[in-house]
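Asks: starting from these lines, generate the structure:
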Amino acid sequence: MSDHYNAFEISPVPAPGPDAVAPEPYRGIYGMPAFVTIPTSDVAASVDFWIRGLGFFELFSIPGTLVHLRRWAFQDVLLVAAADVPAQAPAMSVSFACVLGQIEPLVEACRAVSPDSVDGPRDTPWNTRDVEVITPENARVVFTAAKPFDPASQEARNLEAIGITPPGAGRGDNAEHA
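Replies: Presented below is the predicted three-dimensional model:
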């Protein structure tokens, strides 16, 4: 028996599909349940890349110290002024959800700002299409878009093997947890 249940209503991420529409940029102020802090030795260049390449907007800034960037709700990044940054990107990454229709424009935008910054897109065994971007601060950022669910696909079999099944698949949808 699985303890998992459908809780998509708390997420700004739309249901997967080729026509999925991304939510509008979220400009509200809230207590951030998670965020990433990235040191940068060139705040202006970093802000430019994150805005023009990755589609974030500037929520607010403390001049010379910090810039708070955001895309959707719960996709917050703090760029913090630092004397230096790592010489290479770490193995660790941070991932942000997007929709399939944003993948190619994101690749093009990043390449327009920094031609060698993008790897992908590539499809994953867990039914997403991902693009990896190395930012000017050498942060490894992954944009991930859910692909439409095909119950006959290998990805569906991969998910079922770990106990994740679509609603109505005969194993219950754990409605008692909702």
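Asks: pLDDT weak spots in the chain?
Replies: 1-2, 4, 166-178 (pLDDT under 70).
Asks: go with 90
Replies: Low-confidence segments of the chain (pLDDT under 90): 1-20, 23, 32, 84-91, 124-127, 146-178.
Asks: any chance you could map the helices in it?
Replies: 43-48, 100-113, 154-161 (DSSP state H).
Asks: now do the second one: everything it contacts.
Replies: It stands for helix 100-113. With contacts defined as Cβ atoms under 8 Å, 6 or more residues apart in numbering, helix 100-113 is touched by 16-22, 48-49, 52-55, 98, 117-118, 120-121, 129, 131, 133, 143, 145-147. Every residue, glycine included, has its C-beta placed from N, CA and C.
Asks: any of the residues you listed buried? List them.
Replies: For the contacts of helix 100-113, a neighbour count by 16 or more other Cβ atoms under 10 Å gives the buried set as 20, 22, 49, 53-55, 98, 117-118, 121, 129, 131, 133, 143, 145-147.
Asks: how about the strands in the protein?
Replies: 36-40, 57-62, 66-70, 76-81, 94-98, 118-123, 128-134, 140-146 (DSSP state E).
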